[in-house]
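1. Below are the sequence and a predicted model for it; my questions follow.
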Amino acid sequence: MTIHITRIDNRFPTTGQITPQDIAEIKSKGFSGIVCARPDNEERGRPSFDEIARAAKESGLPIVHIPVSGMLSQGQVIRFEEAMARIQGPVLGYCRSGARAGSLYTTLRR
């Protein structure tokens, strides 16, 4: 399966929901890490963060869970900034549509 990636810029493209089976493709596209902005159990039948995290870790990709529902909190923004500082190279953000992951990225001080 090919995932649809929206490029905000080269540092932080976004996509909708991914699966553990997508990790190999994500790694092959040169991503250095993943940020998940989707809360678990938001939609029935979707893989949990832990399922995706296991596959990512087996592939050597760092992954961070910063679930967003509603307005962004200062804690979420700080966790995102810390994750982006730790992960060198392009990071793929995902949630249901990619919008919440993108909103995290817009908070970075440029």
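-> Happy to help now that I have it.
2. Show me what the mean pLDDT comes to for stretch 19-31.
-> If you average the pLDDT over stretch 19-31, you get 96.
3. Could you pull out the helices in the protein for me?
-> With helices called from DSSP state H, the chain shows them at 23-28, 49-58, 74-86, 99-106.
4. And the shortest one, what does it pack against?
-> Using 3 or more CB pairs under 8 Å, 6 or more residues apart in numbering; DSSP states H and E as the contact criterion, the elements in contact with helix 23-28 are helix 49-58. For the C-beta atoms, the positions are set from N, CA and C on the backbone; glycine is no exception.
5. Out of the helices of the chain, which one sits most buried?
-> A comparison of the helices of the chain by mean neighbour count, using mean count of other CB atoms under 10 Å, puts helix 99-106 on top with a mean of 19.
6. list the helices and strands that one packs on?
-> With 3+ CB pairs under 8 Å, 6+ apart as the test, helix 99-106 has strand 14-15, strand 33-36, helix 74-86, strand 91-94 packed against it.
7. Convert the C-alpha atoms of the second one to CSV, please.
-> Right, strand 33-36. The C-alpha trace of strand 33-36 is given here as CSV (Å, rounded to 0.1, in the frame of the first residue of the first chain):
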residue,chain,number,x,y,z
GLY,A,33,11.0,9.3,12.9
ILE,A,34,7.3,9.5,13.3
VAL,A,35,4.9,11.6,15.4
CYS,A,36,1.4,10.4,16.0
